[in-house]
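A.B. asks: coords please:
(one chain, ligands or ions: 1)
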Amino acid sequence: MLKYPDTDHQPFPILIGDIGGTNARFSILIDAYAEPKDFPVLKTADFPNIEDAIQSGVLDKTSLQPRSAILAVAGPIAAQEIPLTNCHWVLRPANMRQSLGLEDIIVINDFEAQALAVAALSEDSREEIGSVGKVQVASRVVLGPGTGLGVAGLVHVQRRWIPVSGEGGHVDLGPRTERDLSVFPHLERIEGRVSAEQVLCGRGLVNLYRAVCVADGVKPTFGDPADITTAGLSGSDSVAVETLSLFATYLGRVAGDLALTFMARGGVYLAGGISQKILPALQKPEFRAAFEDKAPHSALLRSTPTYVVTHPMAALAGLAAYARTPTNFGVATEGRRWRG
Ligand SMILES: Nc1ncnc2c1ncn2[C@@H]1O[C@H](COP(=O)(O)OP(=O)(O)OP(=O)(O)O)[C@@H](O)[C@H]1O
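C.D. replies: The predicted structure follows:
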């Protein structure tokens, strides 16, 4: 019997969880029609393990007893024990079934959840960068600068959405302009190369800022990504202003490459914590100009929309959409579903 993809409904109520490096967000979906019941965002550092976090952050606060769970985590899901990236928790779904009384647990990658969200987002949960007019229902890409650079495709085929999460944040990023050529030699590399994630994430912003400082012979004054974006957005520091402008350019360049890779006529969606915080910088011409500068396919990119995801709990919304109607999605659950 064909077991892939698995479209069986999980039994309601379903516990939905998005577990990042710093924050864990949970809600419970009572049935396929109700709005999810949300719980306060938890800090992963405050709990020794996920069972304790779910017990005191969710189960102790409601009379609802979930029968199943779908969790999105940062990190590869390849074994019975799932260590999380940038977090001390190790998920052991077989144990969680027993200790939390759950019949069925699915664990997927956090950017797959972002991709599921992008299939379901309403217009008021996103802000368009540029304006391309009418958009067709077609494959999409989600790209998220945060602690790292997450990437996932959302392939639209046979009226279903198939999330494809890889390691797209680690593609090469190369210099193109004279200015790039003066800045790139000063970027910190990973084993000799500049990957997109070396620049397009929180610590990448600092890497880029320092490289601009060295290129111009200026002493760096900022060491925190938020300080660079604050100074860049307010215009109070010229190096920070240029850093933000280059960041937008390089994000546009990578976003354009990914749009070409997935033939994402349905759009590229910028998720992750940083995109929302630098929205005004992304609305300047650099991002879209770099995105469209893809000869011989500039016309294709000019008609491809780009958005910043503004939904505060996008991954949870994506998981809820999947939990309600798994048949609309092609989510691979082999080796990632634990049930009796
Ligand atoms: N105002 C800001 N401008 C630029 N970068 C910022 C700003 N605030 C925080 N950051 C950086 O964003 C990164 C965190 O990104 P994000 O909020 O997406 O968190 P995450 O750990 O990736 O995900 P989660 O919130 O699910 O744990 C950190 O590198 C942080 O330094």
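A.B. asks: ok, which residues in this protein are in contact with the ligand?
C.D. replies: Counting by CB under 6 Å from any ligand atom, the chain comes close to the ligand at 20-23, 146-147, 202-203, 205, 225-226, 229, 272-274, 277. Where you see a C-beta, it was placed from the backbone N, CA and C, and this is true even at glycine.
A.B. asks: those in helices, which ones?
C.D. replies: Among the residues of the chain next to the ligand, the residues falling in helices (DSSP state H) are G202, R203, L205, P225, A226, T229, G272, G273, I274, K277.
A.B. asks: now, of those, which are buried?
C.D. replies: G202, L205, P225, T229, G272, G273, I274, K277 (16 or more other CB atoms under 10 Å).
A.B. asks: tell me the mean pLDDT for stretch 98-108?
C.D. replies: Mean per-residue pLDDT for stretch 98-108: 95.
A.B. asks: give the buried residues for it.
C.D. replies: Here stretch 98-108 shows L100, L102, D104, I105, I106, V107, I108 as buried, counting by 16+ other CB under 10 Å.
A.B. asks: for those residues, give me CSV that also has secondary structure.
C.D. replies: Listed next are the buried residues of stretch 98-108 as CSV, based on DSSP: H, G, I helix; E, B strand; the rest coil:
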residue, secondary structure
L100, helix
L102, coil
D104, strand
I105, strand
I106, strand
V107, strand
I108, strand
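A.B. asks: on that earlier part again, could I get the ones in helices among the residues of the chain next to the ligand as JSON lines with pLDDT?
C.D. replies: Listed next are these as JSON lines, based on pLDDT from 0 to 100:
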{"residue": "G202", "pLDDT": "95"}
{"residue": "R203", "pLDDT": "96"}
{"residue": "L205", "pLDDT": "98"}
{"residue": "P225", "pLDDT": "98"}
{"residue": "A226", "pLDDT": "98"}
{"residue": "T229", "pLDDT": "98"}
{"residue": "G272", "pLDDT": "87"}
{"residue": "G273", "pLDDT": "88"}
{"residue": "I274", "pLDDT": "96"}
{"residue": "K277", "pLDDT": "97"}
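A.B. asks: now, the most widely separated pair of these?
C.D. replies: By the measure CB to CB, R203 and K277 form the most distant pair in those, at 15.0 Å.
A.B. asks: check for me that L15 belongs to a helix.
C.D. replies: No: counting by three-state DSSP, L15 is located in no helix; its state is strand.
A.B. asks: who are the packing partners of the biggest strand by length in the chain?
C.D. replies: Ranked by residue count and defined by DSSP state E, the top strand of the chain is strand 149-157. Here strand 149-157 touches helix 110-120, strand 140-145, strand 160-165, helix 238-262, going by 3 or more CB pairs under 8 Å, 6 or more residues apart in numbering; DSSP states H and E.
A.B. asks: now with 6 Å?
C.D. replies: helix 110-120, strand 140-145, strand 160-165 (3 or more CB pairs under 6 Å, 6 or more residues apart in numbering; DSSP states H and E).
A.B. asks: helices or strands up against the one helix or strand F287 maps to?
C.D. replies: Assigned by DSSP states H and E, F287 falls within helix 285-292. With contacts taken as 3+ CB pairs under 6 Å, 6+ apart, helix 285-292 sits against helix 238-262, helix 298-302.
A.B. asks: flag every buried residue along it.
C.D. replies: By neighbour count on 16+ other CB under 10 Å, the buried set for helix 285-292 is E286, F287, R288, A290, F291, E292.
A.B. asks: make CSV from these and add distance to T221 and pLDDT to it.
C.D. replies: Below are those laid out as CSV (distance: CB to CB, whole Å; pLDDT from 0 to 100):
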residue, distance to T221, pLDDT
E286, 23, 98
F287, 25, 98
R288, 30, 98
A290, 27, 98
F291, 31, 98
E292, 34, 98
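A.B. asks: just checking, L64 is part of a strand?
C.D. replies: No: according to three-state DSSP, L64 belongs to no strand; its state is coil.
A.B. asks: return the distance of the helix holding F287 from the chain's centre.
C.D. replies: 21 Å (CA atoms, centre = their mean, to the nearest Å).
A.B. asks: convert it to CSV, retaining C-alpha atoms only.
C.D. replies: Taking C-alpha atoms only, helix 285-292 is exported to CSV below (Å, rounded to 0.1, in the frame of the first residue of the first chain):
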residue,chain,number,x,y,z
PRO,A,285,14.2,50.1,-4.6
GLU,A,286,17.2,47.9,-3.9
PHE,A,287,15.5,44.6,-2.9
ARG,A,288,13.1,44.5,-5.9
ALA,A,289,15.9,45.7,-8.3
ALA,A,290,18.2,42.9,-7.3
PHE,A,291,15.3,40.4,-7.4
GLU,A,292,14.4,41.3,-11.0
